[in-house]
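# the following comprises the amino acid sequence and a computationally predicted model.
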Amino acid sequence: MPTSMAMIVLAVSMAFVASIPAALSMSFETVPYPGNPGSTVVRAEGTIEPGDTERFIDLLKTTPPTALIMVITSPGGSVDAALTLADEIEAREFSVMGDGECASACAQILFPAGFYSVLTPGSVLGIHSCSDSSGRNDLCNEEIAQAAIKRGFPYGTLDTFTDMFDPGDMKWMTELSARCYGFYHHPDDPRPIAGRKACVDGLIFLVTSGNEATSIGPSFDCAKASTKVERLLCDDKELMRLDSILGHVYQTRRQASDPTSKKQLVRDQRKWINARNADCSPKIPSTPDFRSTRDGALCLFKHNEARVYELIDDEMLN
């Protein structure tokens with residue numbers, strides 16, 4: 001692992017965020033890394049076009065950054081140009097940090113190419129179907145999916161979202177949903193990252209168990225939410241999605257258990273909820289807004305994700 005990648009786990013200033021007009025071609029420059037005096041990264045902005053790889057290489061020759069990080073804001077662009085640039089990013093072991101909006105070819109091709117692939121706080125990835133002059137292009141979608149698979153990202157996530165979202169639509173994902181669908185790679189994520197996608201694996205478990213997640217809401221009654229943790233689980237739609245899957249997985253395990261095992265499962269679940277809430281509640285402010293709750297939201301996500309896999313793995317062992 002490149003030593004400079006340790007900086008990714010630090011809080012990132014939103015000074016990087018910019019609004020990039022779709023017509024602006026991609027530019028590359030070496031800029032200071034906020035919060036890390038003396039450190040520099042590559043800043044890439046604009047539409048992905050032929051020649052971007054050469055411009056990236058030229059920058060590395062003239063003003064190389066001290067950290068192997070590309071911070072990128074882009075609405076997407078040429079698939080062929082993105083695939084070429086992605087190969088260069090991977091070969092040089094650059095990590096990719098999506099900043100603001102990283103959409104289309106940026107999210108689906110450049111983002112997975114990173115040694116690590118992360119988002120700055122509040123940033124989003126945009127995924128949709130590939131298109132050409134005649135409309136939807138499924139051969140292009142498959143080529144993009146195969147490029148992501150090669151880099152450890154799950155085929156199912158791209159296949160599902162490119163099927164659901166036409167070229168004129170967009171599936172936007174923040175860090176939580178990107179993690180939940182396995183489309184994220186932080187330094188603390190296990191390899192292969194395709195093995196951690198709770199929003200997919202939890203639903204697969206339900207289907208193979210003969211059940212179905214009929215509702216998309218938290219695993220408790222939001223009308224009775226009284227704690228900071230419960231209110232955040234009800235307010236954050238992405239957390240709500242994972243908590244819903246967790247609730248359905250837990251109920252499936254409970255229904256399949258004998259009376260003795262069922263009692264133990266209920267005790268274990270209550271103990272787990274108390275431990276999760278005790279860990280995450282201090283990270284949630286008393287007067288929350290979206291940005292101030294991200295640490296708490298990520299804490300809850302990690303606990304819920306781990307619990308989904310505990311319940312799935314226990315079932316598979318029985």
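Done, it's in.
# make it CA atoms for all contacts and neighbour counts henceforth
Will do.
# residues contacting residue 232?
Residue 232 makes contacts with residue 297, as judged by Cα atoms under 8 Å, 6 or more residues apart in numbering.
# what is the subsequent helix or strand relative to the helix or strand where it lies?
Counting by DSSP states H and E, the element that carries residue 232 is helix 228-235. Tracing the chain C-terminally past helix 228-235 and defining elements by DSSP H and E, one meets helix 237-255 next.
# need the strands for this structure, in chain order.
27-32, 40-45, 69-74, 95-103, 117-119, 124-127, 131-132, 135-136, 171-173 (DSSP state E).
# buried ones in the helix holding residue 232, by neighbour count?
228, 229, 230, 232, 233, 234 (16 or more other Cα atoms under 10 Å).
# residues contacting the closest residue to the third one other than its chain neighbours?
So that's residue 230. Ranked by Cα to Cα, 6 or more residues apart in numbering and with sequence neighbours excluded, the top spatial neighbour of residue 230 is residue 222, at 7.4 Å. Residue 222 sits next to 230, 231, 234 when contact means Cα under 8 Å, 6+ apart.
# now do the domain split for the protein, please.
Domain ranges of the chain: 3-194, 197-317, per automatic domain parsing.
# save these as TSV, and put in mean pLDDT too.
Formatted as TSV, the domains of the chain follow (pLDDT from 0 to 100):
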stretch	mean pLDDT
domain 3-194	83
domain 197-317	86
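# tell me the most buried of the ones you listed?
Sort those by mean neighbour count, taking mean count of other Cα atoms under 10 Å, and domain 3-194 sits at the top with a mean of 19.
# run the chain-centre distance for it.
On the basis of Cα atoms, centre = their mean, to the nearest Å, domain 3-194 sits 12 Å off its chain's mean C-alpha point.
# tell me how far the nearest residue to residue 106 once chain neighbours are set aside lies from residue 131.
With Cα to Cα, 6+ apart as the criterion, residue 106 has its nearest non-adjacent residue at 4.9 Å, and that residue is residue 76. For residue 76, the distance to residue 131 equals 12 Å [Cα to Cα, to the nearest Å].
# now for the two: what residues contact both?
With Cα under 8 Å, 6+ apart, residue 76 and residue 131 have no common neighbours.
# about what we covered before: of the buried residues of helix 228-235, closest to residue 33?
Among those, residue 232 lies closest to residue 33 (Cα to Cα), at 31.5 Å.
# look up how far residue 226 lies from that closest one.
In terms of Cα to Cα, residue 232 sits 10 Å off from residue 226.
# cool, residue 63 as well?
54 Å.
# how about residue 279?
17 Å.
# now do residue 92
50 Å.
# and for residue 202?
For residue 202, the distance to residue 226 - Cα to Cα - is 27 Å.
# now do the helices in this protein.
Here the chain has its helices, by DSSP state H, at 52-62, 79-91, 105, 138-150, 155-164, 175-180, 198-208, 228-235, 237-255, 259-280, 294-317.
# residue 303 contacts residue 277, doesn't it?
No - if you go by Cα atoms under 8 Å, residue 303 and residue 277 don't touch, sitting 9.4 Å apart.
# may I have stretch 97-106 as PDB, with CA atoms only?
Output of stretch 97-106 as PDB, limited to C-alpha atoms (Å, rounded to 0.1, in the frame of the first residue of the first chain):
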ATOM      1  CA  MET A  97     -11.400  10.500  -4.300                       C
ATOM      2  CA  GLY A  98     -14.800  11.400  -5.800                       C
ATOM      3  CA  ASP A  99     -15.600  15.000  -4.900                       C
ATOM      4  CA  GLY A 100     -18.900  16.700  -5.400                       C
ATOM      5  CA  GLU A 101     -20.500  14.800  -8.200                       C
ATOM      6  CA  CYS A 102     -18.600  11.900  -9.900                       C
ATOM      7  CA  ALA A 103     -21.100  10.600 -12.400                       C
ATOM      8  CA  SER A 104     -21.400   8.200 -15.400                       C
ATOM      9  CA  ALA A 105     -18.000   7.200 -16.700                       C
ATOM     10  CA  CYS A 106     -16.400   8.900 -13.700                       C
END
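# what lies in contact with it?
By Cα under 8 Å, 6+ apart, stretch 97-106 touches 16-19, 48, 69-79, 82, 111, 117-120, 122-128, 130.
# for the residue nearest to residue 293 when sequence neighbours are not counted, list the residues it contacts.
Spatial nearest neighbour of residue 293, excluding adjacent residues (Cα to Cα, 6+ apart): residue 284 at 5.5 Å. The contact partners of residue 284, by Cα under 8 Å, 6+ apart, come to 228, 229, 292, 293, 295, 296, 297.
# and those residues as a markdown table, adding distance to residue 154?
Shown next, in a markdown table, are the contacts of residue 284 (distance: Cα to Cα, whole Å):
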| residue | distance to residue 154 |
| --- | --- |
| 228 | 33 |
| 229 | 30 |
| 292 | 30 |
| 293 | 28 |
| 295 | 25 |
| 296 | 26 |
| 297 | 23 |
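# which one of those residues sits closest to residue 238?
residue 297 (9.3 Å).
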